[in-house]
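Student: Everything below, folded, please.
(one chain, ligands or ions: 1)
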Amino acid sequence: MNEQLKYLIQLQALEDRKKALLKEKEEIPKLKIRKEREFQEFEAQYVMKKAELENLQKHHKDLEKEIAELEQKLSRCIQKEREVKTNEEYRALLKEQEYLKVEIVEKEDKVLECMERVEILSKEVKRLGKEVEERRSRLKQELTELDEATLSIDAKVEAVEKAQKEIKEKLDPQVRRRCESLMARQGGIAVAPVEKGICKVCHVSLPPQQFIELQKDTMVMNCPHCHRFIYWPGHEVYIEAAKEIIQETLVVQ
Ligand SMILES: [Zn+2]
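Tutor: Sure, this is the predicted structure:
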């Protein structure tokens, strides 16, 4: 095993992990917004139902008031019976009473209908109100957890960067400079595996002789096309070293 190559592979494994962590962190605010929206939509439904119930209750009150007024009219009408002088007047009075009675019955039917709906709606509003409160506290809990997750990611990224710094110090200055420049210019990928003679990052074949040399693991080599450092994953020690550094760096977190 080439120590320098091992460090490079570890450095890349850490860089990949860091990218994944930052991506995860980036998703958190979106997730928070989505969760808040879901809650607001549900709460809006509740507010609407509640308003519907209040309207209905007001309607009920209005109907009761109207019935009371009609009943007053009716009793005035009945009192007037004593004052009438002609049959015509009497018939007109009876007709008015009939009309008022029908009106009252109609309104009373409406009151019953209204009360039934109020009863159903009250139950629904109560149920929704309870669920709103449950969802509100669940949301609060989830948002707290997401904030904690953000902090935990920050801590992990910090640990990764510290480990990267320590590894960089073990690299030969020339290798280190090249690695840093590749990281900066090549999308954060400075090290590439080569499988079946093909660089897995730029997908270009190595000259057969170079692939044979790579498998011999004698020195640090670069892809002739993308210039990244290359290794052969058939050398499991490198794969193990990459896993180890990730564990060492992140399990303590
Ligand atoms: Zn390449």
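Student: Tell me the residues of the stretch 101-250 of the chain that contact the ion?
Tutor: With CB under 5 Å from the ion as the criterion, the stretch 101-250 of the chain meets the ion at residues 199, 202, 223, 225-226. Where you see a C-beta, it was placed from the backbone N, CA and C, and this is true even at glycine.
Student: swap the cut-off to 8 Å and go again
Tutor: 192, 194, 199-204, 223-228, 230 (CB under 8 Å from the ion).
Student: which among those residues end up buried?
Tutor: 192, 194, 199, 201, 223, 226-228, 230 (16 or more other CB atoms under 10 Å).
Student: any low-confidence regions in the stretch 151-253 of the chain?
Tutor: Low-confidence segments of the stretch 151-253 of the chain, defined by pLDDT under 70, span residues 252-253.
Student: tell me the domain ranges of the protein?
Tutor: 20-170, 173-250 (automatic domain parsing).
Student: Please identify the deepest-packed of those domains.
Tutor: Of all these, domain 173-250 carries the top mean neighbour count, a mean of 16, counting by mean count of other CB atoms under 10 Å.
Student: ok, longest strand in the chain?
Tutor: strand 191-195 (DSSP state E).
Student: so what does it touch, helix or strand wise?
Tutor: helix 3-80, strand 229-231 (3 or more CB pairs under 8 Å, 6 or more residues apart in numbering; DSSP states H and E).
Student: Parallel or antiparallel, list what pairs with that strand.
Tutor: Using DSSP bridges, the strands paired with strand 191-195 in its sheet are strand 198-199 (antiparallel), strand 229-231 (parallel).
Student: Tell me the spacing between the most centrally placed residue in the chain and the ion.
Tutor: For the chain, the residue sitting closest to the mean C-alpha position, by CA atoms, centre = their mean, is residue 31 at 3.2 Å. Residue 31 sits 36 Å away from the ion, going by CB to the ion, to the nearest Å.
Student: What strand or helix carries the closest residue to that residue other than its chain neighbours?
Tutor: Among residues not flanking residue 31 along the chain, residue 146 sits closest, at 6.3 Å (CB to CB, 6 or more residues apart in numbering). Using DSSP states H and E, residue 146 falls within helix 87-170.
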